[in-house]
Structure formats: C-alpha cells, structure tokens
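Asks: Return atomic coordinates for the entry below.
(one chain, ligands or ions: 2)
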Amino acid sequence: MNKTFISVLIPSYNESENILAIYHALKEEFSQKIDRYEILFIDDGSTDQSLEIMKELALHHPEVKYIALTRNFGKEAAMFAGLKHAKGDAAIIMDADLQHPVSLVHTLIEGYKEGYEQVIAQRNRTGDSYIRSKLSSLYYRLLEKLVDVKLKDGQGDFRLLSRNAIDAILEIGERNRFSKGLFSWIGFKQKVIKYDNTDRKAGKSKWSFKKLIDYGIEGVVSFNHKPLRLCLYTGVATFLLGIFFITVMFIKILFNGISVPGYFTTISSVLFLGGAQLFSLGVIGEYIGRIYVETKHRPHYLIEDTNTVEEIVYAKEQG
Ligand code: UDP
Ligand code: MG
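Replies: Residues are numbered from 1 along each chain as shown. Ligands and ions are numbered 1, 2, ... in the order given. Reported below is the predicted structural model:
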C-alpha cells in the first residue's frame, strides 16, 4: 500500500508569497514518507507572479503541475479543475496560504489507507474574530434546519478524497457549486480529524463581507427548495390572516356602519404584504437565476496553460 499516489490540489489566487513556502513544506512532509505524489497548483487567474513561480517550480521539479485558468473563476471552479486533472489514487485539497497545516497530510493519508473515502480536516475557530465565529455558528445552526445535507461548522474544503469520491464529485455537473454541500451529499465512509485554526501566512483573504453573504445564500438555496416552501407558508398565512381581518371588518361595518379612520390598518397591511411579496419574489428569483445559469451549460472554467497533459508521473524512490 506504500505506493499510494497522492495528488495535492492547491487552488491559488494571487498567492505569490505563499507558493514556494507551501511547496517546500509539502516536499519536506512527503520526503519523510514514501508515498508518490504530485502537487497540482490551479492558478485562478492571478494578477501577481503566482503563475510564473509555479512554472519555474514545475521546470525543476517534475512532481509540480500547474493549470492556469484564463481568468478568476473562483475557488469552486479552481477546485473542480484540480479534481478533474488529478491523477492520484486520492486527492488532498488545501489552501495555498498555509492555513491548512501541511503536517496533517500524513494523518489524512493514514485515514485513506484505513479505508475511508473522505478524510475531513475540521478546524476550530481559535483566532477568528468573536463576531465572525458567532455569526458562523448561527449560520450553520440555521443551515442545519434549512438544508437536507449535513454541514458542520469548520469542515471545509481541506480534506482527502479517494478516487471514488473524486469521480462522484466530478459526476455532479452543476454550475452553481457549493462544495461543502456536494462533499456531504456524495456520502461515502468518512473520518473527521480536528485541528487548530491558524492565520493565513502571507497576503490577504479573498473573502469580502459581500462574498461571504453571497456564499451563505448559495449554501441555503443550492441544496433544496425549503425556502420556496417557506414563501408558500408565509403566503398562505398572510392570506388567511387577510380573510380573517376582512371578515372582522365586515361584521363591524354591518353593526356600526363605515367609519373613516383606517389609515393605520391600511398602511400596515400594505407594508406587510408588500414586504412579504418582495421577499418571496427575491427567493424565487434566486432559484430562477440558478436555473438560468445551469441551462446555459457553459464550461466551469477555461484553461489557458497547463503542464498536466504530458503524463510525467513523479515516483519517489523508496527509502
Ligand atoms: N482562491 C481561489 N480563487 C478565488 C479566491 C480564493 O483559488 O477566487 C484560493 C486562495 O488562493 C486560497 C484559497 O482559495 O488558496 C482560500 O482562500 P482564502 O485564504 O482567501 O480564504 P479564507 O481562508 O480566508 O477562507
Ligand atoms: Mg485562507
């Protein structure tokens, strides 16, 4: 079993300060064990020197592969590209910024050798700001109620996938990809390994507040129709409430005649109904937008340059 071939996939967007560091860290780790490996960098349209550094590395080290996308397609697309080109018996997905401890690589591989198809590294939230960690845990609690797949706070993209799991993920062709959900959706025998959260080594996080919110919405709507159901319930509830209100008013009018005041009730029902309708329309719009994107069947990403086509497989000698 020592000859397991591992692909390490590293989606990178403007990570010029980290690429050499993560390469050396991985090389150091792998040199202690006798697994065969390739390190596949996916350059997600970086505007800095990332790609040049990858190419330079690849020139001298046959185990280094790179795929350069034609522009920034986002981490989801970059991971998809990586999985598609991974040649290993298993693939480990990790960030370029060294936030995912390289030292865990062997523990992940051990899990794989024990027969697990997904070995998931779960981080805690040490070092995260109080507000961010509270908001995240609130979000995950909400998500648990809203979606059908199991999502755990701290379980992200840092994980090992067996060949079976990779093929399963690749088979899911959807464009709006929420990988956390997809990983959970495919199932398979899973093992969880915990680790302490660390700060990014260099450079800046690519997540703005708006991107986080968008990602959050993606998580909710990409896995089921429950929000649509919620609109339906709200609709029915307001409809019944309206009927009740009209009946009461009508009976009152029958007994007391029409009285002019009614500004408060009118304005509140207009505001309430208007709000409920806009909210529902927004939810429906989210789904229609996704249908629109899916029906176009555009590729997930486009490749500008790569060295993965030539089948150079790096095998480290035993010992
Ligand atoms: N990333 C990417 N494309 C993007 C944004 C990010 O490939 O459009 C990569 C990034 O280079 C890093 C990983 O995804 O390797 C995680 O990004 P980041 O560290 O910014 O996210 P965070 O750790 O803050 O969640
Ligand atoms: Mg990071």
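Asks: Would you mind listing the buried residues in the lengthiest helix in the chain?
Replies: In the chain, taking DSSP state H as the definition, the longest helix is helix 263-296. Using 16 or more other CB atoms under 10 Å as the burial criterion, the residues of helix 263-296 that qualify are 280, 283, 286, 290. C-betas here are computed from N, CA, C, even on glycine.
Asks: Reformat those as TSV; add pLDDT and distance to Arg132.
Replies: As requested, the buried residues of helix 263-296 are exported to TSV (pLDDT from 0 to 100; distance: CB to CB, whole Å):
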residue	pLDDT	distance to Arg132
Ser280	82	30
Val283	82	26
Glu286	83	24
Arg290	84	27
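Asks: Any chance of CSV for those, columns distance to Tyr301?
Replies: Shown next, in CSV, are the buried residues of helix 263-296 (distance: CB to CB, whole Å):
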residue, distance to Tyr301
Ser280, 34
Val283, 29
Glu286, 23
Arg290, 18
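Asks: in this structure, which spans are helices?
Replies: Using DSSP H, the helices found in the chain span residues 19-31, 50-60, 75-85, 105-113, 130-146, 163-171, 179-186, 209-221, 226-256, 263-296.
Asks: which other residues reach the third one?
Replies: With contact meaning CB atoms under 8 Å, 6 or more residues apart in numbering, helix 75-85 is reached by 7, 9-13, 40, 42, 44, 65, 67, 69, 73, 91, 93, 157, 161, 166, 169-170, 177-179, 206, 300-301, 303, 306, 308.
Asks: go on, the fourth one?
Replies: By CB under 8 Å, 6+ apart, the surrounding residues in contact with helix 105-113 are 1, 4, 6, 8, 26, 29-30, 32-33, 35, 90, 92, 119, 121, 159-160, 162, 191, 193.
Asks: what's the closest of the buried residues of helix 263-296 to ligand 1?
Replies: Proximity of the buried residues of helix 263-296 to ligand 1 (CB to the nearest ligand atom) peaks at Arg290, which lies at 19.5 Å.
Asks: Go ahead and confirm the closest one touches Glu218.
Replies: No: between Arg290 and Glu218 there is no contact under CB atoms under 8 Å: 9.0 Å.
Asks: Need the residues touching each of those two.
Replies: Jointly contacting Arg290 and Glu218 under the rule CB under 8 Å, 6+ apart are Asn176.
Asks: Generate a PyMOL selection restricted to the buried entries among the contacts of helix 105-113.
Replies: Selection of buried members from the contacts of helix 105-113 for PyMOL, criterion 16+ other CB under 10 Å:
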select buried, resi 4+6+8+26+29+30+35+90+92+119+121+159+160+162+191+193
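Asks: which of the contacts of helix 105-113 are close to ligand 1?
Replies: Applying CB under 6 Å from any ligand atom to these, one finds that nothing falls near ligand 1.
Asks: re earlier: now flag whichever of the buried residues of helix 263-296 is closest to Lys145.
Replies: Val283 (15.7 Å; CB to CB).
Asks: what's the residue lying closest to the closest one once chain neighbours are set aside in contact with, if anything?
Replies: Distances taken as CB to CB, 6 or more residues apart in numbering put Pro227 closest to Val283, at 4.9 Å, once the chain neighbours are dropped. For Pro227, the contact set (CB under 8 Å, 6+ apart) comprises 146, 220-221, 283, 286.
Asks: roughly how far apart are Glu114 and ligand 1?
Replies: Glu114 sits 28 Å away from ligand 1, going by CB to the nearest ligand atom, to the nearest Å.
Asks: could you list every residue that touches the closest residue to that residue other than its chain neighbours?
Replies: Once flanking residues are discounted, Glu114 sits nearest to Lys191: 7.3 Å by CB to CB, 6+ apart. Counting by CB under 8 Å, 6+ apart, Lys191 makes contact with 111, 114, 116, 118-120.
Asks: now do 6 Å
Replies: Going by CB atoms under 6 Å, 6 or more residues apart in numbering, Lys191 touches 111, 116, 119.
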